[in-house]
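sequence and predicted structure, then a few things I'm wondering about:
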Amino acid sequence: MLEKIFFSAIRAILSNKTRSFLTMLGVIIGVGSVVLLTSIGTGLQLYITDQFASLGTNTLYVIPGNPFGESGGFGGSESMIESTKPVLKKEYLRNILRNNRDLITDGVIMGMQVSQAKNGETTKKVTMLGTTSNFETVYSMPAEKGDWFNDTDNKKGSRVVVLGSKIAEELFGQVDPINKNIKIGGQSYTVKGVLKSKGSSFGGPSFDNYVYLPLTTLEDNLDVQYIDNFTLNVIDQEHVKPAIKAVEQTMLKELEKDEFTVVDQTKMLETINSILGMLTIGLGGIAAISLVVGGIGIMNIMLVSVTERTREIGLRKAIGATPNVILAQFLIEAALISIIGGIIGMTLAYLGSLAIQPYFPARVTMQAVILAFGVSTAVGLIFGVAPARRAAKLSPIEALRYE
Amino acid sequence: MLLTLDKVCKQYILGDSLINALDMVSLEVHQGEFLAVMGPSGSGKSTFLQVASMLSNPSSGTIYLHDKDVTKYNEVEQAKLRNQEIGFVFQQFNLLPRTSALDNVSLPLVYANVPDQERKKRSLEMLEKVGLAQRVANTPAQLSGGQQQRVAIARALINNPSVIFADEPTGNLDSQSGEEIKKILVDLHHEGKTIIMVTHEPDDAAIAKRLVLMRDGKVKADSQINGIRDIERILKKHK
């Protein structure tokens, strides 16, 4: 009998195509936007994970403050202030490298400063990254033209810079910048090398946009005391966890527990992912509101339909339909409208995600599809109950007498 | 005994007043009888049909079908009983719109859980019996009133019910179609079917073999009849 009820539900939906479609539209828009928006969130997450993986997974960072702590930087303003205090000192890195030779292969100091770089008439706002010559190996970023500055440059505080590929092109165009001079903060610096392009981290600043110079030079000439982080290379991925412990031990000799944090890629990735996860849920939640509106639309139309078909319901009951059969008939009809709407919505969302693919890394996951399907079924059933119960409760006589 | 009503009452509240639509009605119907129930409007003849056919429960009294007390049945059991034992023919036909004659006829079989193949076979046979073998795929909108009522009769007969209740079966038809329907009812009576027909037309009632005359919810007369003259005589007597 169920399959017969199923077919009569399809017939009822088809018998009033315009109305059925308009009713479905709420679910189509609801499911479509939920799937599309979560696909954007998920795509973003996957993209960032990818980017992190390409940066290398055996890298550690020592940063000031404790942004990942309980009163974390994403929560409290206190730790934000903490993380901008100049607590890291050059000699700490030396200690770390000396004490942990078995775990840490290399390490580099990074300090940053934003400034203006000038080549003739071309002026650019640039991020100056003060570091040491082993940045090349730690970040595996060799020079494409010219050379990295060396230890002597660092010791002497020579006014030399290495340019990221993009900033080099912006400042010099087609001209070869090697051994040319640029002006930063009114002082002249010699371009020693141009780096190979590394590509950008999504949304973040790009290594190709930085101007690299010896840390000593940055401190001496641009009045920077602040060290951004130590970047450390661990011998291999398996030893990342023990390396974190060991580096923490070394650092604790100099600083308090809350004054610094040792993080690896996973931890940063986790944090970013949890933020993006929240974002995805938030977007999905907002879109889900339209799904509820769609459900109310279904309920409304089903109530109209029950009223319109009062005589039919009376007749069915008179010739032997039990209340449960009538209930099932209207529930199936409501669920079908919702499910068909859900499928159309999902298809549109999938096509939409393909359409924005060139501009944005959207990704429709199986999970999102199953969830959307489940939710649209549930919407149909939940909002179908009230009209179906009303139909099931009709007395056959009242219904047959209904004009 | 096929159908027995024992001191059946049915009361409605209409506005402020209590209406005794059926007032201590007792009646026995034998297998194969053809009853016509007559009476002026408000006499309770429609209520009688609804209560006797288990479409609605009596306020008091008992109804026996095949000597079983069906007033004790719950909603689901009554639905099954109507499905198996009772056929309905309504004045308004009450066919499902946009649904073929075949599907309309087979609807009671759907609720009786009869398999697809058998359902189709029996429905075709029944449509053939009422002379609509050529119109099985037509929807009600594509059929004349008389044809629609014949589809309704086929639907009423499909489960081979014990009693057929007909409520003004010719009331919505032109006289020629009405005659066709009456002929089918007479044929069914000759086949041995039990028919209870509510009507206000003496001409229609004349095809029945027993007349029950109602007034103010009470049975005023109940006698065997043979033709229109008997009916006119009874109506005159109880004017």
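Yep, it's here. Residues are numbered from 1 along each chain as shown, chains lettered A, B, ... in the order given.

which helix or which strand is home to the closest residue to chain B within the stretch 251-400 of chain A?
Of all residues in the stretch 251-400 of chain A, residue A:320 sits closest to chain B, at 2.5 Å by Cβ to the nearest Cβ. (Glycine included, C-beta is placed from N, CA and C.) Assessed by DSSP states H and E, residue A:320 sits outside every helix and strand.

helices along the chain, start to end?
The chain I'm using is chain A. A:2-15, A:17-55, A:77-82, A:90-99, A:135-138, A:151-156, A:165-172, A:215-222, A:240-252, A:265-308, A:310-318, A:323-356, A:366-393, A:396-401 (DSSP state H).

was after chain B, sorry
Ranges of helices in chain B, per DSSP H, are B:45-52, B:75-85, B:101-111, B:116-129, B:145-157, B:175-190, B:202-205, B:228-237.

tabulate these (a markdown table), appending mean pLDDT, distance to residue A:119 and mean neighbour count.
What follows is the helices of chain B, written out as a markdown table (pLDDT from 0 to 100; distance: least, Cβ to Cβ, whole Å; neighbours: other Cβ atoms under 10 Å in any protein chain shown):
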| stretch | mean pLDDT | distance to residue A:119 | mean neighbour count |
| --- | --- | --- | --- |
| helix B:45-52 | 93 | 99 | 24 |
| helix B:75-85 | 94 | 90 | 19 |
| helix B:101-111 | 94 | 85 | 25 |
| helix B:116-129 | 94 | 85 | 17 |
| helix B:145-157 | 96 | 93 | 25 |
| helix B:175-190 | 95 | 101 | 16 |
| helix B:202-205 | 94 | 109 | 20 |
| helix B:228-237 | 93 | 118 | 14 |
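
ranking the helices of chain A by burial, who's on top?
helix A:310-318 (a mean of 24; mean count of other Cβ atoms under 10 Å in any protein chain shown).

related to what we said a few turns ago, hmm, residue B:87 and the residue of the stretch 251-400 of chain A closest to chain B touching each other?
No: using Cβ atoms under 8 Å, residue A:320 is not in contact with residue B:87; the gap is 10.7 Å.

quick one, which of the two is more surrounded?
For residue A:320 and residue B:87, the more surrounded residue by other Cβ atoms under 10 Å in any protein chain shown is residue B:87, and the numbers stand at 28 against 23.

for the residue nearest to the more buried one when sequence neighbours are not counted, give me its contacts.
Closest residue to residue B:87 apart from its sequence neighbours, by Cβ to Cβ, 6 or more residues apart in numbering or on different chains: residue B:156 at 3.1 Å. For residue B:156, the contacting residues are B:87-89, B:164, B:166, by Cβ atoms under 8 Å, 6 or more residues apart in numbering or on different chains.

now, those residues that are in strands?
Taking DSSP state E, the ones among those that sit in strands are B:87-89, B:164, B:166.

quick one: which of those residues is nearest residue A:314?
Residue A:314 has its nearest neighbour among the ones in strands among the contacts of residue B:156 in residue B:88, at 10.6 Å by Cβ to Cβ.

residue contacts, that closest one?
A:318-319, B:53, B:82, B:94, B:152, B:156, B:164-167.

if you set the cut-off to 7 Å instead, what comes out?
A:318-319, B:53, B:156, B:165 (Cβ atoms under 7 Å, 6 or more residues apart in numbering or on different chains).

can I get these in CSV with distance to residue B:135?
Putting these into CSV (distance: Cβ to Cβ, whole Å) gives the following:
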residue, distance to residue B:135
A:318, 23
A:319, 21
B:53, 28
B:156, 17
B:165, 25
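
tell me which residue of chain B lies closest to chain A.
residue B:83 (2.5 Å).

contacting residues around that residue?
With Cβ under 7 Å, 6+ apart, residue B:83 has these contacts: A:319-320, B:108, B:111-112, B:159.

how close does the residue of the stretch 251-400 of chain A closest to chain B get to residue B:75?
Going from residue A:320 to residue B:75 by Cβ to Cβ, to the nearest Å gives 12 Å.

then residue B:49?
Taken as Cβ to Cβ, the span from residue B:49 to residue B:75 is 19 Å.

ditto for residue A:58
Separation of residue A:58 from residue B:75 (Cβ to Cβ): 72 Å.

could you see whether chain A lies near stretch B:1-16?
No: shown here: stretch B:1-16 not in contact with chain A (Cβ under 7 Å from any Cβ of the partner chain), separated by at least 11.0 Å.
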